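S.K.: test case, fold it:
(chains A and B)
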Amino acid sequence: MAKNTRIKPKTAQDIDRRIERVLRGLGSPEPPLRLEDVRELLKLDRQFYSANDPSLLQEVISRIRVATLQVSARPMLLLEAVRKWSLQALYVPDRKRILLDGDLPEKKHRWSEAHEIGHSLLPWHDDVMHGDNRHTLLPNYQAEIEAEANFAAGRLLFLRDRFEEEARALPTTIDSVQSLNRTFGNTISSSLWRFVETVGADSPMVAMISCHPHPIRRGAAYNPLQPCRHCIQSPAFDAWFSSVSEISLFGAAASYCNAKTGGHLGSAEVVLRDDNGNDHAFLFETFFIRYKPPAQGEALTLGVYSRAIGTSIAVA
Amino acid sequence: MSNEYSQEWCLNMAQLEGDAEIGAGLPAMDPVFDGEQLEQQAQEEPQIAFGRFVRLMRRSRGLNVEKLSDQTDIDIVELVNIEEDPHYRPDVRTVYQLSSFFKLSQTHLLQVAGLTAPRNDRIYEEAIRFAARSEPVAELTAEERTALEAFVAVLTEKE
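M.R.: Take a look at the predicted model:
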C-alpha cells in the first residue's frame, strides 16, 4: 500500500509558516483558492508543454543543464524521459516558471501546479530541484523533497486548517467528502485523501480509490494483488490495523457492492481485526463516479470506525 | 602440544582433496563484493566529516547545541544525531539551514552530508582529509582550526 514519506515536525512547521504567509498575502481567501492569484502574488510564470510541441520543454531542460548534445539533437527523447519519470509538471527556479503537462486532464493541473508552487516556496529545494552534471540527490531524498512539495500543495489548496475545521463539522460520509470537494474545487481523490488524513487522525479510518468492486464491473486493468489505485489509511488506522491488507479491504467492499454503474453502490458493517487480535466494526460505504469516456470511472470507498466487538482467542 | 598424523590419515585427506587447488582455506569474501564495499566506504566517510564539521563550526562560534538549535530552527535531537551518529542522515532542509547559518554552499554541504552522490573529487578528498585530521576535543587546536578553515574555504568556493 502506498504510504506517505514522513515529514519531520520542524520541516512541516516551516512549510506551514510559508503557506500561511502566502494566504495572508492574499487576504485569507475563501475556498476555492484561485491559483492564478497565488502565481501573481509570487510572480510565478506558468506554461504548458505538450507532446505536440516539445520545443518549450527542450529549452527548459537545456537551461537546467541536464541535456547533452545527443539529447538536444533528439527533441522527442526529452519528452520520453519526462514521461518515464512520470513528470506531470516542472518548476524552474531561476526563471520562477512552472511547466505543466498540457496533455493531462485540466482537473489534474490544479494539484500539479500547487505542487510546483510548493517547490517554489521552499528555498532548500532550489539547489536540488534538477541537479546538474556534478551532483545528484539520492533517490530517498528526492522522495523527501517531493513529499514536502505535496505537503505544501495540500496546505495551500485546502487552506491550511480550514478544510479540517469544515470536515469535522460534517458527518463522516462520502457525501461530506463530495460536498467539501465542491467547496474547495480539488479532485475528488485529493479531497478523500485529505479527509481521511485529517478527520481520521484520532479515530481509525480507511479509504480506497479503485475500480468498480463488483466482479462483473472490474475491467481489464483490475489486478487482484493490487486492487486499489490508492489505499489511504488514517494515522490511527495505520497504528492499530497495520496488518490489514488492501486486498482484504477491497474484498470487504466487493461483498456488499451492487453492479450499478454510478452513484452509491452500497454500505455495510465490516469487521476488521487489529494488530492485537481484537475485532472492531467499521461502517463501509462505496460510491462510483463516472468520468467522460474514454476515462474509466472510479469507486470511492470510505470505512469509518464504529465500535469494538471483542477479543478473539486463537485455539490450536 | 603436538599433533601426530598417521600416513593413512594423510593419504585419505589427499584423496578427499582430489585435484582441488591447495590453499589455506577459502577466500573470506566473494571478490565481487569488493567494489561495492569501497563504494559504501566512499559514502560513509563524508558523513563522519559532516558530524565533526558541524560540531567544530558550532564550537568555533561558542554555541552549545541548544543555541544552535534555536538559531537554525533545527530540532535539537537532529543536531545531536548529526554530531554523534555518523550513520545519521539529516533532512535536506536541515542541511540548508546549516549552510545558511554558516554561510556555506548548500550544494557542497549536501554532498558532505551524504545526501547527494559525490562527483566532485576535490570536495570528497577534502572531506576525508578533514575527517582524518579532526578529533572531538574540548578546544580547537591550531591544526584543527587550520583543517576547519581549509574545508570551509573549499565549501565556500564559487561553483
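S.K.: ok, now which ones touch A:Gly185?
M.R.: The contact partners of A:Gly185, taken as CB atoms under 8 Å, 6 or more residues apart in numbering or on different chains, are A:31-33, A:110. Glycine gets a C-beta too; all of them are placed from N, C-alpha and C.
S.K.: can you list which of the residues you listed are found in strands?
M.R.: Among the contacts of A:Gly185, no member falls in strands (criterion: DSSP state E).
S.K.: closest one to B:Asn64 out of those, please.
M.R.: In terms of CB to CB, no member of these lies closer to B:Asn64 than A:Leu33, at 42.7 Å.
S.K.: A:Pro224 belongs to a strand, doesn't it?
M.R.: No - residue state for A:Pro224 (DSSP: H, G, I helix; E, B strand; the rest coil) corresponds to coil; a strand is not indicated.
S.K.: can you give me the neighbour number for the residue in chain B positioned nearest to chain A?
M.R.: Closest contact between chain B and chain A, by CB to the nearest CB, is at B:Tyr96 (3.2 Å). By other CB atoms under 10 Å in any protein chain shown, 23 other residues sit near B:Tyr96.
S.K.: right, and the helix or strand after the host helix or strand of it?
M.R.: B:Tyr96 is part of helix B:92-101 when elements are defined by DSSP states H and E. Moving toward the C-terminus from helix B:92-101, the next helix or strand (DSSP H and E) is helix B:106-112.
S.K.: can you tell me what sits against the helix holding B:Tyr96?
M.R.: Residues contacting helix B:92-101 (CB under 8 Å, 6+ apart): A:10-11, A:14, A:122-125, A:127-128, A:137, A:141, A:144-145, A:148, B:54, B:68, B:71-74, B:78, B:82, B:104-106, B:109-110, B:113, B:115.
S.K.: buried ones in it?
M.R.: B:92-99, B:101 (16 or more other CB atoms under 10 Å in any protein chain shown).
S.K.: what's the closest of those residues to A:Lys292?
M.R.: Nearest to A:Lys292 among the buried residues of helix B:92-101: B:Val92, at 40.0 Å, using CB to CB.
S.K.: spell out which parts of chain A neighbour chain B.
M.R.: Proximity of chain A to chain B, by CB under 8 Å from any CB of the partner chain, involves residues A:8-11, A:14, A:122-125, A:127-128, A:131, A:133-138, A:141, A:144-145, A:148.
S.K.: what about 7 Å?
M.R.: Residues of chain A found near chain B (CB under 7 Å from any CB of the partner chain) are A:8, A:10-11, A:14, A:123-124, A:127-128, A:134-138, A:141, A:144-145.
S.K.: could you flag which of those residues are buried?
M.R.: Judged by 16+ other CB under 10 Å, buried ones among the residues of chain A next to chain B: A:8, A:10-11, A:14, A:124, A:127-128, A:135-137, A:141, A:144-145.
S.K.: circling back to that earlier point, let's see if you can find the most crowded of the contacts of A:Gly185.
M.R.: A:Leu33 leads those on contacts (other CB under 10 Å) with 22 neighbours.
S.K.: surely that residue and A:Leu157 touch.
M.R.: Yes - between A:Leu33 and A:Leu157 there is a contact under CB atoms under 7 Å: 6.1 Å.
S.K.: nearest to chain B, of the buried ones among the residues of chain A next to chain B?
M.R.: Closest to chain B, out of all of these and judged by CB to the nearest CB, is A:Trp124, at 3.2 Å.
S.K.: what's the closest non-adjacent residue to the closest one?
M.R.: Excluding the flanking residues, the one nearest A:Trp124 by CB to CB, 6 or more residues apart in numbering or on different chains is B:Tyr96, at 3.2 Å.
S.K.: would it be right to say that A:His119 lies in a strand?
M.R.: No - counting by three-state DSSP, A:His119 falls outside a strand, being helix.
S.K.: my guess is it meets A:Ala149, correct?
M.R.: Yes - counting by CB under 7 Å, A:His119 does reach A:Ala149; the two are 4.8 Å apart.
S.K.: give me the common contacts of the two.
M.R.: Here A:His119 and A:Ala149 share no contacting residue, scored by CB atoms under 7 Å, 6 or more residues apart in numbering or on different chains.
S.K.: how about the residues of chain B by chain A?
M.R.: When proximity is defined by CB under 7 Å from any CB, chain B lies next to chain A at B:73-75, B:91-93, B:96, B:106-107, B:110-111, B:115-117, B:119-120.
S.K.: out of those residues, the closest to B:Leu11 would be?
M.R.: B:Ala117 (57.0 Å).
S.K.: next one: the nearest residue to the closest one once chain neighbours are set aside, what pLDDT does it get?
M.R.: Leaving aside its sequence neighbours, B:Ala117 sits nearest to A:Thr136 (CB to CB, 6+ apart; 5.0 Å). pLDDT for A:Thr136: 70.
S.K.: equivalent analysis for A:Leu44, please.
M.R.: 88.
S.K.: tell me which helix or strand in chain A has the weakest average pLDDT.
M.R.: helix A:69-72 (a mean of 42; mean pLDDT, DSSP states H and E).
S.K.: what about A:His115, which SS state?
M.R.: Put simply, A:His115 is helix when judged by three-state DSSP.
S.K.: look up how far A:Thr198 lies from A:Ala149.
M.R.: Look at A:Ala149 and A:Thr198: by CB to CB, to the nearest Å, they are 19 Å apart.
S.K.: meant to ask about A:Pro235, not that
M.R.: Applying CB to CB, the value for A:Pro235 to A:Thr198 is 10 Å.
S.K.: check A:Arg273 too.
M.R.: The gap separating A:Arg273 from A:Thr198 is 26 Å, by CB to CB.
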